[in-house]
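Chemist: I would like the atomic coordinates for the input below:
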Amino acid sequence: MNMKKTLFFSLFLITLLFLSGLQAANSQNKSLKLGAERLEQVCELLEGKRVGLVVNQTSVLEDGNVHLLDALIDKRINVVKVFAPEHGFRGTADAGEYVSDSKDQKTGIPIISIYGRNRKPTSQQMANLDVVVFDIQDVGARFYTYISTMHYVMEACAENNKECIVLDRPNPNDFVDGPMMKEGFESFVGMHHIPLLHGLTVGELALMINGEKWLKSNPDTCKLQVVTMENWKHGDSYWLPVKPSPNLPSVQSIRLYPSLCLFEATNISVGRGTYFPFEVLGFPDPKYGTFTFTPVSLPGFDTNPLQKDKTCYGVDLRELPFAGGFTLRFFLEFYEKAGKDQAFFFSRPDWFDTLTGSKEMRLQIIKGMSEEEIRATWQADLSAYKEMRKKYLLYPDY
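Modeler: The predicted structure follows:
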């Protein structure tokens, strides 16, 4: 079997396993109706208007069988353009890769990149629109950039006097946990003073952004409407019908992502360049574990992964029972294996601080604090956040 056939077969097998796992996980949510699936209400809001869509490969209905763009075109809604976030309209671009403007081959509709020359739609790009619809699946982590894109879209709508409609979807990491982002650490991977796991749907977060006046625009709120889901409540399990980005290809990777993403600021590989990213950890040194893997250039996942073409030794977390949430367990274990060598381990300390939202956690780890001790320092901030969060909930809470 040649390399191209081997790659195709492996991708097919992974997709098959992913979908079968999702089907089992979502069996208890057969009555769930996504915001995008309430098409009659959505079309009433859009009828007679010039529409821009902020969508990608996750913007699907009917268990992944129909894309929102196609559904709206079939309903004769006037979709003028599509705005594409990080990873592009099809969700195939590498993390951080420049996304160019293009055109949808099926409909001929222009696709405008908001992860290229600009990350906020310009006034020129907004001029021929009446309303912008955001329908992208989030995974519940502060540093996942789709919610930053939503923020910029809301700002553009406020500045240009356009309507903004968010079609709501479940949060697959529906927890309130982790450190809060502190003043001065704002970035595209952390635009809001919220915990690492915010415990909100995108619709609820949009209401919070508007209600707390976090938009850096004039006016500082936008004309916002959320099309809610039916038959969902906080704490319900939900796993995605398609992978939300190239390196989250499974239920387990989505569960582990909030905890393992911190390794992106270290020399430790999280399995980018394999078929199981964010499910393994390793480094080219046998002291890190007995499980081995070799990151390679892998189209559809990562073409230039950390530790490329090197045999990494570490741990396999694919079968680890893990209900989700945030944990420092894996990070502290590998820091210990590295001999607590902070200069080696924290290869990008500023990036680590950006991901965690302050310098505090890095300094706490270097100081030798346990996870329990570190967690204790978050509690006052988390309690205050939980009180604020209550104002914006659209669904029954945990």
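Chemist: Helices of the stretch 51-200 of the chain, residue ranges please.
Modeler: 68-74, 123-126, 146-159 (DSSP state H, counting those that start in this stretch).
Chemist: most neighbours per residue, which of those?
Modeler: Highest mean neighbour count of these: helix 146-159, a mean of 23 (counted as mean count of other C-beta atoms under 10 Å). To be clear about C-beta, it is placed using only N, CA and C from the backbone, and glycine gets the same treatment.
Chemist: Any stretches of the stretch 51-200 of the chain with poor pLDDT?
Modeler: The model of the stretch 51-200 of the chain has pLDDT under 70 over residues 91.
Chemist: what are the ranges of the strands in it?
Modeler: Assigned strands in the stretch 51-200 of the chain, in chain order: 51-54, 60-61, 66-67, 79-84, 102-103, 110-113, 131-134, 163-167, 176-180, 195-198 (criterion: DSSP state E, counting those that start in this stretch).
Chemist: My read is that residue 75 contacts residue 39, right?
Modeler: Yes - using C-beta atoms under 8 Å, residue 75 makes contact with residue 39 at a distance of 6.7 Å.
Chemist: which of those two has more neighbours?
Modeler: residue 39 (18 against 14; other C-beta atoms under 10 Å).
Chemist: Residue 247 is in contact with residue 278, isn't it?
Modeler: Yes - assessed by C-beta under 8 Å, residue 247 is found in contact with residue 278 at 6.2 Å.
Chemist: got any residues that touch both of those two?
Modeler: Shared contacts of residue 247 and residue 278, defined by C-beta atoms under 8 Å, 6 or more residues apart in numbering, comprise residue 253.
Chemist: how close does the residue nearest the centre of the chain sit to residue 170?
Modeler: In the chain, the centroid-proximal residue (C-alpha atoms, centre = their mean) is residue 144; its distance is 3.7 Å. Counting by C-beta to C-beta, to the nearest Å, the gap from residue 144 to residue 170 is 14 Å.
Chemist: Please export the C-alpha coordinates of stretch 244-259 as CSV.
Modeler: Provided in CSV are the C-alpha atoms of stretch 244-259 (Å, rounded to 0.1, in the frame of the first residue of the first chain):
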residue,chain,number,x,y,z
PRO,A,244,-13.7,21.4,15.7
SER,A,245,-10.1,21.9,14.6
PRO,A,246,-7.4,19.8,12.9
ASN,A,247,-5.8,18.6,16.2
LEU,A,248,-9.0,17.7,18.1
PRO,A,249,-10.1,14.6,16.3
SER,A,250,-11.7,12.6,19.1
VAL,A,251,-13.9,12.8,22.2
GLN,A,252,-10.8,12.2,24.4
SER,A,253,-8.7,14.9,22.8
ILE,A,254,-11.5,17.4,23.4
ARG,A,255,-11.7,16.4,27.0
LEU,A,256,-8.0,16.6,27.6
TYR,A,257,-7.3,19.8,25.5
PRO,A,258,-7.9,22.3,28.3
SER,A,259,-5.3,20.6,30.5
